[in-house]
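Colleague: This is a predicted model, with the sequence first.
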Amino acid sequence: MRLLSVFGAGLVLAALGSNVCRAQDQYFDAAGVRLRYLERGKGEPVVLLHGFGNTAELWSDNHIVQDLSRDYRVIAFDERGHGKSDKPHDPAKYGREMGLDVVRLLDHLHIQRAHVVGYSLGGYIVSQLLTLRPERFLSATLIAGAGRFNWDSTRAALADTEARERERECISRSMIFRLAPPNAPRPSEDSLERMSARCLADTTKDRFAFAAIIRSRADQAFSPSAAAAVTVPTLAIAGSDDPEKAPLQALVQIRPSIKLVVVDGATHEGPRGILGRPELLIALREFLSKHAAPK
């Protein structure tokens, strides 16, 4: 395990401005579901998968697209159920289909192999995808998302609770509490109600699609033996104050070849969120360069 401190990391983001040209929306057909994607830069392809409730802009908002596109062909898309992509309400339209959408996007762009990076839900999607279509990837990076290699009745019950909360309020209090840093105070009732109101008013967010995604989690499950058999070079990154650190550590126990980087003081999201930490880009760039395609 490699532990990084912000004080020892180069501030690679300091020179990046926030006023950047937005890539033009493009769309492709993913087995009958219309998905929106963005491209920027040239070089080896790097596909970025955002977290639950986010959009492709998550990566540019955290200056990751701007940085990587200096050397790579960066491709980000709104996963089904999110942003400007289609939002089916049938759980059967999600599950492993969310990972196979990456392969469909590569096929659409005539890309044989790419690096793939997933954050939170995106990491869960990527982790399963490595057991389904490993031949399509040069490398994989799991940021605060380990995959559903430990699916059981307790997690199934939690998914049912979170899905019902989403249908009712658009947000899931259970998910908010689950991903909070250790010992962090719970949000007040007023703040939770404001979060719910904002979500319900946001036309890019569909609470019934969110619930369907959660209800499809069982279809994203895979066995520990399948996880152990993956040979795609894999980097795992998590904050020391992120509850998702422990599942990533468990995945490393199953597959010791995974390189795990823990960023000191980083959380799952928020002001100390892992995506905003310069150590993430340092580790990611080092890993991508190490696993470039043979010339």
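Modeller: Sure, I can see it. None of the values given here were measured: they were computed from a predicted structure.
Colleague: And the lengthiest helix in the chain, what's buried?
Modeller: Of all the segments assigned as helix in the chain under DSSP state H, the longest by residue count is helix 153-169. Neighbour counts using 16 or more other Cβ atoms under 10 Å place 158, 159, 162, 163, 165, 166, 167, 169 of helix 153-169 among the buried residues. For every residue, glycine as well, the C-beta is placed using N, CA and C.
Colleague: Using TSV, lay out those residues together with pLDDT and distance to residue 295.
Modeller: TSV is the format used below for the buried residues of helix 153-169 (pLDDT from 0 to 100; distance: Cβ to Cβ, whole Å):
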residue	pLDDT	distance to residue 295
158	97	47
159	98	45
162	98	46
163	98	47
165	98	50
166	98	47
167	98	51
169	97	52
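Colleague: Next, count neighbours for the nearest residue to residue 51 once chain neighbours are set aside.
Modeller: Of all residues not flanking residue 51 in the chain, residue 120 sits nearest, at 3.2 Å (Cβ to Cβ, 6 or more residues apart in numbering). Neighbour count for residue 120, taken as other Cβ atoms under 10 Å: 25.
Colleague: was I right about residue 120 contacting residue 145?
Modeller: Yes: the pair formed by residue 120 and residue 145 meets the contact definition of Cβ atoms under 8 Å, at 4.8 Å.
Colleague: Over to residue 207: give its phi and psi.
Modeller: Main-chain dihedrals, residue 207, degrees, to the nearest 10: phi -70, psi -30.
Colleague: What separation is there between it and residue 89?
Modeller: Residue 207 is 10 Å from residue 89, where distance means Cβ to Cβ, to the nearest Å.
Colleague: quick revisit: so what's the residue nearest to residue 51 up against?
Modeller: When contacts are counted by Cβ atoms under 8 Å, 6 or more residues apart in numbering, residue 120 touches 50, 51, 52, 54, 143, 144, 145, 244, 268, 269.
Colleague: can you give me the helices in the stretch 101-250 of the chain?
Modeller: In order along the chain, the stretch 101-250 of the chain carries the following helices (DSSP state H, counting those that start in this stretch): 121-132, 153-169, 173-178, 189-201, 207-215, 224-228, 245-254.
Colleague: I'd like the ones you listed laid out as CSV, including distance to residue 26.
Modeller: Shown next, in CSV, are the helices of the stretch 101-250 of the chain (distance: least, Cβ to Cβ, whole Å):
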stretch, distance to residue 26
helix 121-132, 19
helix 153-169, 29
helix 173-178, 31
helix 189-201, 27
helix 207-215, 21
helix 224-228, 33
helix 245-254, 32
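Colleague: returning to that earlier point: now, among the contacts of residue 120, which is nearest to residue 294?
Modeller: Relative to residue 294, the closest of those is residue 143; by Cβ to Cβ it sits at 25.9 Å.
Colleague: Surely that closest one is in contact with residue 274?
Modeller: Yes: look at residue 143 against residue 274 with Cβ under 8 Å: they come within range, at 6.2 Å.
Colleague: what do these two both touch?
Modeller: Common contact partners of residue 143 and residue 274 (Cβ under 8 Å, 6+ apart): 119, 237, 238, 280.
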